[in-house]
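Asker: The amino acid sequence is not available; the structure is as follows:
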């Protein structure tokens, strides 16, 4: 069988062997309910306590009580937005961006249906927010600002520190939430100093080599928030449901690992990503890197090849054992190409032809070699079939050239 | 979402992208029939050409001998194109009889397609139809006299119902009947209409209305959202001496007359981004931009000036 080359780490990551090791006891002998009174249950309650401490320490020394365990980042986001709204009856305005993950966007749409007003801030062609535009959008009745730390599709990083400060300087009662799912373990998240104006922060375990099914919400002490899940005393009554002990332990272990050799790993990933990016651009004509002019996560490469469709590329990559993803309409389940790439005003000749490679600590230089070996041929295969491509001269047909400026909707 | 393609679909796609002999990729020079369907903006597009063996006397007896395509699209779009060409070449069809190949025949040939990919097979059938129409024009064949209804111009004419995919009302009506579509989802799966922004679903004259008219249904269980008024966002200035308008004008005046000239001497400048209540948001430009130290010192300086010359309550926030 073909060796799997996994380059879709913004979707999920492989479970680290150390994380797996740490979880095993809780699948076998440590099965007790951590809320129970008898002695054998005590180590489980202790394990959760230790995990909470570890995570709090890794987020800039916040209080362990400020960490709430959830089932995933989507739950954390739901809990944050709905919980803030339920606790503040008087304010009806939410400020977010057009490029959020659906776990934010669809919750915001729900809020609109319930009478809230939501502002979706646009981004420019590089994927950056207009900070003055952000300031002007803050209102007297603004309840919540929810803006992602880094974008899952393009890797573009938003200036959360600055945005949170501006929010709090405008009105301390506005709650500032950020979805840090893509930055946890990749960028320093110091909620004690640089991010001291952030009230709520969501993340999950499976983006940093812990298993799927566990996440957390940081809730700064004093933030008004009604619980999303009720029906039990767990997590101080703020999130009912018997704790997922094994996974909580796994997530804490994963955060420790990420911190251990962070700089070294980040250098390795950046070097690999940059080589991938540079070589693709050299070898493939009419390829554009989406979000290149912005500050980006070092592991993400979102590249669009004009005049070909993403799904056909993914399918061929997959035949070579390479796992990646695309913002093309045909891979989304809907007929719309990625809302993120459309917000970046990627020309319509390229918006369907995007491929996202996202790396992790487990990618090797050989992985990059292999992707570079097959990817240009895959694009060429599809261009041979494309009615817009001049095969002889390996460039767009003259009548298609003008289309490359076309943006957004037809 | 993982791929749910049949083995046949996967095989045809892989053969096509690797240019295996016997595949039909390409474009015939001076074709006898030329048809296109779709557009790159919508996510898939096909160019279909064929050559016929010309009958010496009766063009209606021309036989299609060669079919080629160029397709921009996903795995199933390319496999559908390949399927269409293979079926046509094998069948030794005359162009009018080739029209008997409908999208469901392509789906059958492929051993099924996932529902949301049905539109890929429709694209093949549409491009074929356009090419036959083109052949008829070139060969002077009156298709109508053969009992063929080609709806040649309806795509370009008529009211556009779905703007995202440029679907006109006549085309939509015909497809609803031809393909037996009863819900918006079925329509979207088959011809994409309504699959993007969704604004045409329930508007007057939108897809649901066309469906209702076609199948004779009364108005269905639409849920209409009441448009709620957002709360008023009027800002009130806490300052006792100025109205909000006067406060803003005063801040602008002081900034323009005192602060900016000072900065401009050093090659810098300052822009007022916004004023809310007593909060003045400033952004540094030119030489001062991006310098954190300068930004802090400056906002203190600007704030002091505004406090003195405008109002004690003024606060400066560096952006």
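Answerer: Yep, it's here. Note that the structure is a prediction, hence the values are computed from the model and not measured.

Asker: near chain A, which residues of the stretch 1-150 of chain B show up?
Answerer: B:1, B:3, B:10, B:13-14, B:16-19, B:25, B:27, B:36, B:39-47, B:69-78, B:116-117, B:119 (Cβ under 8 Å from any Cβ of the partner chain). Just so you know, the C-beta spots here come from the backbone N, C-alpha and C atoms, and that holds for glycine as well.

Asker: Mind checking which of the residues you listed are buried?
Answerer: Among the residues of the stretch 1-150 of chain B next to chain A, the ones that count as buried by 16 or more other Cβ atoms under 10 Å in any protein chain shown are B:3, B:10, B:13-14, B:16-17, B:25, B:36, B:40-47, B:69-78, B:116-117, B:119.

Asker: Tell me which of those fall in strands.
Answerer: Using DSSP state E, the members of those that fall in strands are B:36, B:44-47, B:69-72.

Asker: would you turn these into JSON lines with pLDDT and distance to residue B:213?
Answerer: Formatted as JSON lines, these follow (pLDDT from 0 to 100; distance: Cβ to Cβ, whole Å):
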{"residue": "B:36", "pLDDT": "90", "distance to residue B:213": "30"}
{"residue": "B:44", "pLDDT": "84", "distance to residue B:213": "29"}
{"residue": "B:45", "pLDDT": "90", "distance to residue B:213": "30"}
{"residue": "B:46", "pLDDT": "92", "distance to residue B:213": "30"}
{"residue": "B:47", "pLDDT": "94", "distance to residue B:213": "34"}
{"residue": "B:69", "pLDDT": "95", "distance to residue B:213": "35"}
{"residue": "B:70", "pLDDT": "94", "distance to residue B:213": "37"}
{"residue": "B:71", "pLDDT": "93", "distance to residue B:213": "34"}
{"residue": "B:72", "pLDDT": "92", "distance to residue B:213": "34"}
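
Asker: What values do phi and psi take at the closest residue to residue B:158 other than its chain neighbours?
Answerer: Of all residues beyond its chain neighbours, the one nearest residue B:158 is residue B:168 (3.9 Å), with distances taken as Cβ to Cβ, 6 or more residues apart in numbering or on different chains. With angles defined as degrees, to the nearest 10, residue B:168 sits at phi -90, psi 160.

Asker: Helices along the stretch 51-200 of chain B, start to end?
Answerer: B:75-91, B:95-98, B:103-109, B:118-139, B:169-178, B:184-191 (DSSP state H, counting those that start in this stretch).

Asker: Check those helices for me and report the most buried one.
Answerer: Ranked by mean neighbour count, the helices of the stretch 51-200 of chain B are led by helix B:75-91 with a mean of 25 (mean count of other Cβ atoms under 10 Å in any protein chain shown).

Asker: Show me what that one is packed up against.
Answerer: helix A:310-319, helix B:7-17, strand B:44-53, strand B:63-72, helix B:103-109, helix B:118-139 (3 or more Cβ pairs under 8 Å, 6 or more residues apart in numbering or on different chains; DSSP states H and E).

Asker: hang on, isn't residue B:193 packed against residue B:172?
Answerer: Yes: with contact defined as Cβ atoms under 8 Å, residue B:193 reaches residue B:172; the gap is 6.0 Å.

Asker: what is in contact with the two at once?
Answerer: B:161-162, B:187, B:207 (Cβ atoms under 8 Å, 6 or more residues apart in numbering or on different chains).

Asker: out of those residues, which are inside strands?
Answerer: B:161-162.
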